[in-house]
Each structure stands twice: as structure tokens, then as C-alpha cells.
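K.L.:
Below are the sequence and a predicted model; questions follow.
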Amino acid sequence: MTDATGGVERFDAIVIGSGQGANPLAQALAKAGRHTALIESTYVGGTCINVGCSPTKTMVASARVAYLARRGTDYGVHTGPISVDMAKVRARKQAIVDDFRGGSERSIAGTHGLELIRGEASFTDPKQVKIALNGGGTRMLTADLIILNTGCRPAIPQITGLDSVPYLTSTSIMELDAVPDHLIVLGGGYVGVEFGQMFRRFGSQVTMIQRHDKLLAREDDDVSDEVVKILREDGLEMLFNSETTRASVDAGGVTLTIRTESGARALHGSHLLVATGRVPNTERLNLSAAGVRVDSHGYTPVNERLETNVPGIYAIGDMKGGPAFTHISYDDYRILRENLLHGGSATTTGRLVPNVVYMDPQLGTVGMTEREARQAGRSIRVAKLPMSWVARALEMDETRGFMKAVVDAETQQILGCAALGVEGGEIMSALEIAMLGHLPYTTIKEAIFAHPTLSESLNNLFMSLDE
């Protein structure tokens, strides 16, 4: 509604951005009787369902089918020549995106007391935002409660000549209608690993350029080394301790000048994927007008209750920094739902942060790495089991990788794990449940699991500590 002082519409709550934490929170607020505005400048659903989790994992599934088809003879199955129709892969991906996005839009539209406003929001003071509407014009809104959920976007490094090169990002690479001849990937994090392996399986030659001496920098060295081994088996070329100093367009593609440990090198490719991290979408919010503090990278720091430094303004999801995962954004929603609607005292303190890298085989991790545990001064024991010792993996002919668990030597509690193997994310999730229930590793070691399953190998994993 509009107040009597000049066209400012008053709401009980304003939610800026419609990511995977914001949508259920806005609906929960509205269902609790709070008149709520949900502001979105582009697509409902945020990064996850539009340009992140859902579309990429749909394409990963297509790449795995191509991989298995080429391995058919390993299983006694003979097929003809394998080719990939990228236009069909893209169409399948887009159908999933459209379905998920449409479901979110219908759910929002069916929520009484919730208004979806399409436009760009910016603060004019701590309680008021101006919306530049997508269709033209503006609206002024005010509320005592404002939640920010504007997410992140691909970061573009400062490289001479890059602005003149038709590079790809994690968003635009999913719109290709043809398989690149030679894809160069800048970056060795989650995005680079997933897309690098994916397009190698689609049929591209792939070269990855990594500034550091390992992939997936947070992981223990043995995990990172095994990931490199697997990717090299799949035919990817990887250049470590290498820095790109120049980019230019040439006939048929892109040429990069790279500084390596052995000297300068020119690398030519048909396509270039920039996968060097992400930056928060905060610059257009005019946060200074609200007094909201941002750090040197543009993120909005929050306390354990997701409050910014300004009372009544909260930030959830990727834009606040920390782990940039959909499930973390959704847990942020749970915390605010509990605190704002039920008078609770939920916090982010001590929450487990699971993660899956959707390479193949998957890498599922949760809790502390071995390096982190040792740096924290914990007395630990490390259990490790190669997937080649797992009966189910042998039966599936999927024996690459290993399982690893870090255990407190005194309490026998599981501190963390890494499952690099077939369905590694599901194996990790089983151990996460044990960690949530504070089960000692000995309980898992002696548990009865169905045979033959991947979970059954958790017996053997922890039996390795008896040796």
C-alpha cells in the first residue's frame, strides 16, 4: 500500500533477489501474514536453477552417457561411432531449467500476500528501496525488515587483451550448439574441473591453466593429486603454476600467452572458458545509502544470525561470502525462518558444510580435511580405502578414486571425510548423517549394510584403523 507522504509503498518485508533461500523465505513470511515484496531483476530461482546446479548437472549427465557409450566394450556391449549433438544437449538442459523456473514462479504467484516485482533494487536509506522496473518507471518501497539475496556472478580477471576476446563463462558455455575443437579453461576450481571434464567427454581437446600447484585448493594434497590423475586419464592437459599474461583473437580462435615454470608459452584454442571464481552482485544495491558494510571484495559480512551491521537488514546466500552452495543458502532460509517467525535463536555456528564436485567420479566432502584437523592441533587418525577394494565399484567397473575419513583419536568422532568415487556424494552424505548424530566411527565399522552396496564399504574403511 502507499503511505500518505509521497508515494512510498509500505510492506512488512522486502526480499531482494529470488535465489534458493529467498523464495521459500518470502513465501514463509507472506504465509505468516507479513505483506512481502520479492524483487527480481532477471530470472526467478537465482543462479542454481538458471545457470548453476540444475543446468550444469544436466549436462554432466549427458557427458557421462557419452563416456559410458565409449566404454561399452568394457562391459561387453558394442555400439557404433559415438557423436554428441550439442544442440540436443542444450535443449535438454533448457527444458529442465524452464520446468524448475516455471515451478518457482507458479509457487510465488500462488502465495497470498507475496508480490513479485521485476526490476533493479537500490537503497535510498536503511528502510527504503527504489526499484527501476524492467518495464519502465520506478516504485519506492519501505519496510522494517529487508533481506538481501542477490548472489554472485563469474569473476573476470585482469588480463591484457581479454576484453577483446570472445571468452565464455560458466553461463555462456552452456549455450554452445557445437562441441569446441580445443577448449582452454582458465582456473582449477569446481567450475573449471566440471566443465573441463564435461567437454572432454563431449569430444573437445581440453587444456586447463591453473595459477597454483594443485586443483581444488581447499582439498588435501592426496585428494587433489587423485583428481589430477583421473582427469589426465580422461585426456585433459593441465598446466600448473602458470599465469596467463595476454589474450588475443586469431584465425579460428584464441591465443593466450602463458608464463610457466619453464618459460613463456603461446597456447592456441578454439574456445576460452574463464573459470577464475565469482564476485558478489552488490554494487548496484547502493548499500552505502543504507549504511551496510561491504568488505574489500564486495561481500556483505554478517554475524552468526545472518544480520548485517544495520539492524533489520539481513544477507543470505552467496553474497555474504563463505561457502557458495545452494544448500547453504537454503539453510540460511531455515535460520531466518526460525528466528524471524518463531522467536528462535538459530545460528550458523558449527554447521556442517557438505559439498560435491560433479566430476566423474564425484568428489563428496564434509567437515574438516586432514590438513585442517592437523592445523587445529587435533589428535587424529586417518582411515583410507581405495575404490578398487570396494566390491560394488568392481562390479560396476568404476574403481577410480578412494574414500578417506578423519577421526578424532580420543573421542572416536568423525571429523570429516572425502569420498572420491562412484556416487561419492551419496557416500559422503551417509557419513554426514553419522556426524550429525555424533556416532563414533566404531558404530559405522560394525553396522550391517546391505550387500553389495557402496555404503557397505564404510565397514572396510573404518576397519583400516584396526590394522
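P.N.:
Cool, got the structure. Residues are numbered from 1 along each chain as shown.

K.L.:
residues contacting Asp318?
P.N.:
Applying Cβ atoms under 8 Å, 6 or more residues apart in numbering, we find Asp318 in contact with 19, 47, 151-152, 278, 280, 324, 329. Glycine gets a C-beta too; all of them are placed from N, C-alpha and C.

K.L.:
Secondary structure, pLDDT and distance to Ala109 added to those, as JSON lines?
P.N.:
Output for the contacts of Asp318, formatted as JSON lines (DSSP: H, G, I helix; E, B strand; the rest coil; pLDDT from 0 to 100; distance: Cβ to Cβ, whole Å):
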{"residue": "Gly19", "secondary structure": "coil", "pLDDT": "95", "distance to Ala109": "18"}
{"residue": "Thr47", "secondary structure": "helix", "pLDDT": "95", "distance to Ala109": "21"}
{"residue": "Gly151", "secondary structure": "coil", "pLDDT": "97", "distance to Ala109": "22"}
{"residue": "Cys152", "secondary structure": "strand", "pLDDT": "97", "distance to Ala109": "27"}
{"residue": "Arg278", "secondary structure": "strand", "pLDDT": "97", "distance to Ala109": "30"}
{"residue": "Pro280", "secondary structure": "strand", "pLDDT": "97", "distance to Ala109": "28"}
{"residue": "Ala324", "secondary structure": "coil", "pLDDT": "92", "distance to Ala109": "28"}
{"residue": "Ser329", "secondary structure": "helix", "pLDDT": "97", "distance to Ala109": "22"}
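
K.L.:
neighbour-wise, which of the residues you listed leads?
P.N.:
Most neighbours among those, by other Cβ atoms under 10 Å: Gly19, with 29 neighbours.

K.L.:
which non-adjacent residue is nearest it?
P.N.:
Closest residue in space to Gly19, ignoring its immediate chain neighbours: Gly46 at 2.9 Å, by Cβ to Cβ, 6 or more residues apart in numbering.

K.L.:
Quick one: neighbours of that neighbour, just the number.
P.N.:
Applying other Cβ under 10 Å, we find 29 residues neighbouring Gly46.

K.L.:
pLDDT score assigned to it?
P.N.:
The model reports Gly46 with a pLDDT of 95.

K.L.:
what's it sitting at in phi/psi?
P.N.:
Here is the backbone geometry of Gly46 (degrees, to the nearest 10): phi 70, psi -160.

K.L.:
can you pull the contacts of it?
P.N.:
Listed by Cβ under 8 Å, 6+ apart, the contact set of Gly46 reads 17-20, 22, 52, 149, 151, 317, 329.

K.L.:
measure the closest residue to Thr300 other than its chain neighbours to Val382 for me?
P.N.:
In this structure, Thr300 finds its nearest non-sequential neighbour in Ala315, 4.3 Å apart by Cβ to Cβ, 6+ apart. Counting by Cβ to Cβ, to the nearest Å, the gap from Ala315 to Val382 is 37 Å.

K.L.:
Which one of the two is surrounded by more residues?
P.N.:
Neighbour tally, Ala315 and Val382, criterion other Cβ under 10 Å: the higher count belongs to Ala315, 28 against 17.

K.L.:
Against Arg305, how distant is that one?
P.N.:
According to Cβ to Cβ, Ala315 and Arg305 sit 11 Å apart.

K.L.:
what's the overlap in contacts for the two?
P.N.:
By the contact definition Cβ under 8 Å, 6+ apart, Ala315 and Arg305 are jointly contacted by no residue.

K.L.:
any idea where the strands of the stretch 51-200 of the chain begin and end?
P.N.:
Along the stretch 51-200 of the chain, counting by DSSP state E, counting those that start in this stretch, strands occupy 114-125, 128-133, 138-142, 145-148, 152-154, 182-186.

K.L.:
which one of these lies closest to Arg90?
P.N.:
Nearest to Arg90 among those is strand 182-186 (15.6 Å), distances taken as Cβ to Cβ.

K.L.:
And the contacts of the closest one?
P.N.:
For strand 182-186, contacts defined as Cβ under 8 Å, 6+ apart pick out 157, 192, 195-196, 199, 204-209, 244, 253-254, 256, 267-276.

K.L.:
What of stretch 322-331?
P.N.:
With Cβ under 8 Å, 6+ apart as the test, stretch 322-331 has contacts from 19-21, 24, 46-48, 52-53, 149, 152, 278, 316-318, 348, 351, 353-355.

K.L.:
follow-up on the earlier one: in strands, which of the contacts of strand 182-186 fall?
P.N.:
Taking DSSP state E as the definition of strands, the contacts of strand 182-186 contribute 205-209, 244, 253-254, 256, 267-269, 271-274.

K.L.:
Narrow the residues you listed to those that are buried.
P.N.:
The neighbour count (16 or more other Cβ atoms under 10 Å) marks 205-209, 244, 253-254, 256, 267, 269, 271-274 as buried among these.

K.L.:
now, which of these sits nearest Thr142?
P.N.:
Checking those against Thr142 by Cβ to Cβ gives Val274 as the nearest, at 39.5 Å.

K.L.:
Contacts only, for the closest one.
P.N.:
Neighbour list for Val274: 154, 156-157, 162, 167-169, 186-187 [criterion: Cβ under 8 Å, 6+ apart].

K.L.:
Fine, thanks again, bye for now.
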